[in-house]
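what would the 3D arrangement of this be:
(one chain, ligands or ions: 2)
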Amino acid sequence: MASRLQIDCLSLSYIGPQGLTKAVDNLSIDVGQGDIACLVGPSGCGKSSLLRAIAGFVEPSTGRILIDGHVVTEGSVCMPPEQRGVGMVFQDYALFPHLTVEANILFGLTRGRPKEATPAQGSRARAMLELVGLADLHERMPHELSGGQAQRVALARALAPEPQIILLDEPFSSLDPSLRARLAREVREILKAAKTTAIVVTHDQTEAFTMADQLGVMFEGRVVQWGSPYEVYHEPCSADVARFIGEGALISGRQCDHSVTTLLGSLPLADCCCDEEYPEKLVRVLLRPDDVVHDDDSSLKAKVVQKNFRGADFLYTLELPNGERILSLVPSHHDHPLNEPIGIRLEVDHVVTFSQEEQPQAFKNN
Ligand code: ADP
Ligand code: MG
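Ligands and ions are numbered 1, 2, ... in the order given. Okay, the predicted model is just below:
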């Protein structure tokens, strides 16, 4: 059922009283058959606009969209939404309040006449409820569901017509954080079981890491990086992406050939950062909190200046002898006093570096 989704050089603008707003700017992505791609980016960067263009609700100004190799949008061609085989799930569930769970799912299958469902449509609806783990709740009304259940019904409804592609726009943002994490895992499994190609928009990085085969970071209408969650986290293409996608610190270093020397020792450089043009240059080095490991036996010391309790671990802010700060995840049974030095060691395969114009700094989510 799943289809490949290709977007080439897509731009989309809105014309309003204030003039032209460019929402999507020359964007190209390619999502493989059956893959789950997550898009993250700050509010207003054009994520929803991109989904609306894929679904066919808005017409882009330039570029093209192909589903399964067939053009659905290009120039004067703009296939109507109902012919595209694209399903959508929104943040606010958008279930019909006066219809039961089962009738909500049948609504799309029966063109708005759930009471006239054929036996085949009925069994498809029940199969979808089964898939999202809500087979027992088919007679409930939407107001009798929890937020997480309602969102799974919305997903079942979107999957029922066997869409080639499913688009989820911030599907969990009205749910509480612990439920969101669980639902993100469940929805990934459901999408994989349904073998649907999906794009999930979220502003929550953890959610994106949980769900994504591929992760795209969007700023101001453009995808600035596209890769596996691991790549985007450990090899962000810019300091802005590094800051947006997680916690960490930028510290000073001197880059030479394939390594960079810092106060914490010499570290191997990721291939993307090796620079033949400059034999040696001053840079900022990205260290994630999980790169910095507590080790009492290490001769490297840093002062604990802040501690944030996170449950399983503490996020420590540590000050290096030159005054620069780094972050470290320390298991929570090690509770070190503030303003005392602790031993640390780096556990990194490769590091990425950015230009010296970036300030040395530590950045956290809260
Ligand atoms: P996101 O989903 O990433 O928050 P949107 O796609 O909703 O971003 O919006 C991208 C830009 O387009 C924003 O500047 C927003 O104000 C503008 N925009 C979105 N929808 C409309 C609309 N219907 N009319 C005019 N401007 C819009
Ligand atoms: Mg949006």
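
contacts and neighbour counts: CA atoms only from here.
Noted.

what pLDDT does the model give whichever residue of the stretch 251-366 of the chain sits closest to ligand 1?
Distances between the stretch 251-366 of the chain and ligand 1 by CA to the nearest ligand atom are smallest at Asn365, namely 19.0 Å. Note for Asn365: predicted pLDDT of 84.

got it, and Ala94?
84.

contacting residues for it?
Ala154 (CA atoms under 8 Å, 6 or more residues apart in numbering).

for the helix or strand hosting Ala154, the averaged confidence score.
If you go by DSSP states H and E, Ala154 is part of helix 147-159. Across helix 147-159, pLDDT averages out at 93.

can I get it in CSV? Just the C-alpha atoms.
Below are the C-alpha coordinates for helix 147-159, written out as CSV (Å, rounded to 0.1, in the frame of the first residue of the first chain):
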residue,chain,number,x,y,z
GLY,A,147,-6.9,12.1,24.7
GLY,A,148,-4.7,9.2,23.8
GLN,A,149,-7.6,6.9,22.8
ALA,A,150,-9.2,9.7,20.7
GLN,A,151,-5.9,10.2,18.8
ARG,A,152,-5.7,6.4,18.1
VAL,A,153,-9.3,6.5,16.8
ALA,A,154,-8.3,9.4,14.6
LEU,A,155,-5.4,7.4,13.3
ALA,A,156,-7.6,4.3,12.7
ARG,A,157,-10.0,6.6,10.8
ALA,A,158,-7.2,7.9,8.6
LEU,A,159,-5.8,4.5,7.9
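
and the next helix or strand past it?
strand 165-169.

return the list of helices and strands in contact with that following strand.
In terms of contact count using 3 or more CA pairs under 8 Å, 6 or more residues apart in numbering; DSSP states H and E, strand 165-169 is assigned the packing partners helix 47-55, strand 86-89, strand 197-201.

ok, which of those comes nearest ligand 1?
helix 47-55 (3.6 Å).

adjacent strands (with direction) for the helix or strand that comes right after that closest one?
Per DSSP H and E, the first helix or strand lying C-terminal to helix 47-55 is strand 62-67. Using DSSP bridges, strand 62-67 pairs in its sheet with strand 5-16 (antiparallel), strand 70-74 (antiparallel).

let's have those in TSV, adding mean pLDDT, mean neighbour count and distance to Ile165.
Conversion of the strands paired with strand 62-67 to TSV gives the following (pLDDT from 0 to 100; neighbours: other CA atoms under 10 Å; distance: least, CA to CA, whole Å):
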stretch	mean pLDDT	mean neighbour count	distance to Ile165
strand 5-16	97	18	8
strand 70-74	96	17	13
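
those into CSV, with extra columns for distance to ligand 1?
Listed next are the strands paired with strand 62-67 as CSV, based on distance: least, CA to the nearest ligand atom, whole Å:
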stretch, distance to ligand 1
strand 5-16, 5
strand 70-74, 18
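
of the helices and strands packed on strand 165-169, which is nearest Gly75?
Nearest to Gly75 among these is helix 47-55; the distance by CA to CA comes to 13.1 Å.

related to what we said a few turns ago, any idea which of the helices and strands packed on strand 165-169 is most buried?
Greatest average neighbour count among the helices and strands packed on strand 165-169 goes to strand 197-201 (a mean of 27), per mean count of other CA atoms under 10 Å.

average pLDDT for that strand?
Rounded mean pLDDT across strand 197-201 is 97.

just to revisit the earlier point, contacts for the helix holding Ala154?
87-89, 93-95, 101, 104-106, 108, 125, 128-129, 131-132, 134, 142, 166, 171-172, 174-175, 179-180, 183, 187, 194.
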